[in-house]
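> let's see this in three dimensions:
(one chain, ligands or ions: 2)
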Amino acid sequence: MMRVGLTMEEAIGEILASVKPLSVFQIPLKDSFQYRLAEDVKANAPMPSFDRSMMDGYAIRSVDVANASPEQPALLRVVGRIAAGEVPERELRTGEAMRIMTGAPIPEGADAVARFEVTDGQQNPEAETVAVYLPVRTGESISLAGEDIRANETILRKGTLIGAAEMALLASVGVAAVPVFRKPVIGILSSGRELVGLEQPLSYGKIYNSNSYMISGLVSAWGGVPHVLPQVDDKMDEVVEAIRAAMPAVDALVTTGGVAGGDFDLMRGAYQLAGGQVRFWKVNIRPGTPFTYGTLQGKPVFGLSGNPAAGFVNALLFLQSALLAMSGQPNPQIPVVEVELAADPQVKPIGMDRFLRTHIRVEAGALKAIPLPFGQSAGIMSSLTGIQGFIRIPAKTEVKPGDLLQAYLLAMPAAGGVIPWQAASLMEGSRK
Ligand SMILES: Nc1nc2c(c(=O)[nH]1)N[C@H]1C(S)=C(S)[C@@H](COP(=O)(O)OP(=O)(O)OC[C@H]3O[C@@H](n4cnc5c(N)ncnc54)[C@H](O)[C@@H]3O)O[C@H]1N2
Ligand code: MOO
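Ligands and ions are numbered 1, 2, ... in the order given. Below is the predicted model of the structure:
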C-alpha cells in the first residue's frame, strides 16, 4: 500500500527495510579500494613476525653498557653487521656489538639497540670496536614480534570500508585477495520532453539533461557504479518500456522528473505499469517534497524530483542511505554533524524540514554554518557548487544565529576565512 507524506526518518526507515547488501565475491587486494569487507579478516601471522630494530645502530646487551658515560664509554667489540632482510650470522655474546640497520632482525643474545647517536659508530663505520656513551634500557629501540598485530587476531571487521590504511594492513599480513560486497550498479533515467543531450543544440523551451550527470557523480561518490540510460520523453509507454528494459542490468533504478502532480507527471504510474509497487510518495522536506519510492523485481526504485536541487536533496538523504546499506555498511548512517548557525538563514518556518545550501567553516575548533543568502530555490543549480553541505531546519521551527543544527555533509568543512560568495559580493554588491 502506498503511504503519502512521510517524515524524512520514516522515509529512510522504509527504504532501509527493503534493501540489503548485494552478493559477495573475492577481489584482488590491489583492486579493493572503496569496497566493503564481507567477512571479518584475521591475521594468520603476527606482524612483525620477528623482533626487529627500530633504529640504525648497534645490537647490544644492556648490562654491558649499564655504567657507560661520555667520560667513560663502554667499549664493545663489533662482530658483525645486519641489514634489513638479512639473518644474523650468530648470537651476540658478552662484550660484543653488531651493527644493525632499521628493520633488521635482532640477534640472539642482544636485548637492546644503541642508536648511532649515542655511539661513535657513524664516524667510524669500519672500526672493530665501538664506544657507547650512555646506558641503554633493556628493550630500547626494539620492536617485538606481534607488537602491531598478534597471530589470529581479527584485524578488520565485516562492513569496513577499505581505504588506504586498510589496504596496507591487509598487505602487511599477506592477504592478497579479500571477500567484498559487490558495488551497486545504479541505473539513471531522466524523463521530460524538454531534455536534450549535450550532442544536440538547444532550441527554445529545451534544456540540457544535467540531472543524469549530477546523479552519476553522486552515485560514484557514495560507492555505487552509475549506469546512465538514454533520457526519455514523458510518454507513458516510452517510460514504462525504458524502465522494463533497464531493470535486468541494474541493482536499483533512479528516475528524475515526473513525480509532482502535473499533466505529464507519470512516474508513479509507470513504476506500476512496469510491474512494480509504489511504497510511498511525498516526504516532509523542502526541496524535494514529491519524492517517490518503490520496488520493482525486488530492486529499489527512487523517483527523484526533476528540479535539480530537489533531486540533489532526495539523493543525499534517500539514495545515499540505500547505497550504504547495499554496499555492506552494517548500520547505514549518512554523515551528519552538529553545527552552529553563524548567520540568519532568512527563511520563515514552514510545515516541512528545510534543507539549505550551506558553507561550513571551522572557527575556534567549532563548526559554523553560513547558509547561502541566495540561490536556495529548487531550480537553481549554480549554488550547489562549492558548498560543504546542507543544514536542516526542522519543520515549524524559528532559528537564529547561535542555534545548533544538523548539517548533512558533502565535503570536509573548510578552515575559517572569507567564503567565495562573500568575497564576490564584497566586490560587486550582494546578488540576492
Ligand atoms: N501544482 C503543483 N506543481 C508543482 C508542485 C506541486 O506540489 N503542485 N511541486 C513542485 C515541486 S516542490 C517540485 S520539486 C517540482 C517537481 O517536479 P517533478 O519532480 O515532477 O519534475 P519535472 O516537472 O519533470 O521537472 C521539474 C523541473 O526540473 C527540470 N528538470 C527535469 N529533469 C531535468 C534534468 N534531467 N536535468 C535538468 N533539469 C531537469 C524541468 O525542466 C523542470 O523545470 O514540481 C513543482 N510543481
Ligand atoms: O520539493 Mo520542490 O521541493 O520545491 O523543490
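> near ligand 1, which residues of the stretch 301-432 of the chain?
Listed as neighbours of ligand 1 in the stretch 301-432 of the chain under the rule C-beta under 6 Å from any ligand atom: S305, G306, N307, P308, A310, A378, G379. The way it works is simple: take the backbone N, C-alpha and C, and place the C-beta from them, glycine included.
> what number of residues lie near the fourth one?
By the measure other C-beta atoms under 10 Å, the count of residues near P308 is 20.
> now do it, the pLDDT please.
P308 is assigned 97 on the pLDDT scale.
> the first one now?
What the model reports as pLDDT for S305 is 96.
> contacting residues for it?
T256, G257, V259, A260, P287, G288, T289, P290, F291, G311, N314, A378 (C-beta atoms under 8 Å, 6 or more residues apart in numbering).
> repeat that with 6 Å
V259, G288, P290, G311, N314 (C-beta atoms under 6 Å, 6 or more residues apart in numbering).
> where does pLDDT dip in the protein?
By pLDDT under 70, the weakly predicted segments of the chain are 426-432.
> what's the domain layout of it?
Using the TED database, the domain parsing of the chain gives 3-23+182-327, 25-44+157-181, 52-143, 336-409.
> need the winner for burial among those domains.
Per-stretch averages of neighbours, counted by mean count of other C-beta atoms under 10 Å, single out domain 3-23+182-327 among the domains of the chain, with a mean of 19.
> before we move on, back to that, turn the domains of the chain into a markdown table, including distance to S425.
A markdown table is the format used below for the domains of the chain (distance: least, C-beta to C-beta, whole Å):
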| stretch | distance to S425 |
| --- | --- |
| domain 3-23+182-327 | 21 |
| domain 25-44+157-181 | 38 |
| domain 52-143 | 55 |
| domain 336-409 | 9 |
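> so L144 touches R52, yeah?
No: if you go by C-beta atoms under 6 Å, L144 and R52 don't touch, sitting 8.6 Å apart.
> where does F50 land in three-state SS?
Following DSSP: H, G, I helix; E, B strand; the rest coil, F50 is assigned to coil.
> any idea how far it lies from ligand 2?
According to C-beta to the nearest ligand atom, to the nearest Å, F50 and ligand 2 sit 63 Å apart.
> and that residue, how many neighbours?
Around F50 there are 13 residues (other C-beta under 10 Å).
> I'd assumed K20 was in a strand, is it?
No: K20: not assigned to a strand; according to three-state DSSP it is coil.
> contacting residues around A415?
Contacts of A415 by C-beta under 6 Å, 6+ apart are V362.
> kindly report the same for P349.
P349 makes contacts with K396, T397, E398, as judged by C-beta under 6 Å, 6+ apart.
> that one looks like it's in a helix, true?
No: under three-state DSSP, P349 sits outside any helix and is assigned coil.
> need the domains of the chain in a markdown table with distance to ligand 2, can you?
As requested, the domains of the chain are exported to a markdown table (distance: least, C-beta to the nearest ligand atom, whole Å):
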| stretch | distance to ligand 2 |
| --- | --- |
| domain 3-23+182-327 | 3 |
| domain 25-44+157-181 | 31 |
| domain 52-143 | 58 |
| domain 336-409 | 3 |
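> name the residue of the stretch 101-250 of the chain that lies nearest to ligand 1.
Per C-beta to the nearest ligand atom, N211 is where the stretch 101-250 of the chain lies closest to ligand 1, at 3.2 Å.
> residues contacting that residue?
S190, T256, G311.
> just read off the phi/psi values of it.
Per-residue torsions, N211: phi -60, psi -40 (degrees, to the nearest 10).
> got it, and I142?
Dihedral angles for I142 - degrees, to the nearest 10 - are phi -120, psi 130.
> residue contacts, it?
Contacts of I142 (C-beta under 6 Å, 6+ apart): D51, I106, V113.
> could those go into JSON lines alongside distance to G328?
As requested, those are arranged in JSON lines below (distance: C-beta to C-beta, whole Å):
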{"residue": "D51", "distance to G328": "38"}
{"residue": "I106", "distance to G328": "41"}
{"residue": "V113", "distance to G328": "44"}
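> how far does stretch 257-268 sit from the chain's center?
34 Å (C-alpha atoms, centre = their mean, to the nearest Å).
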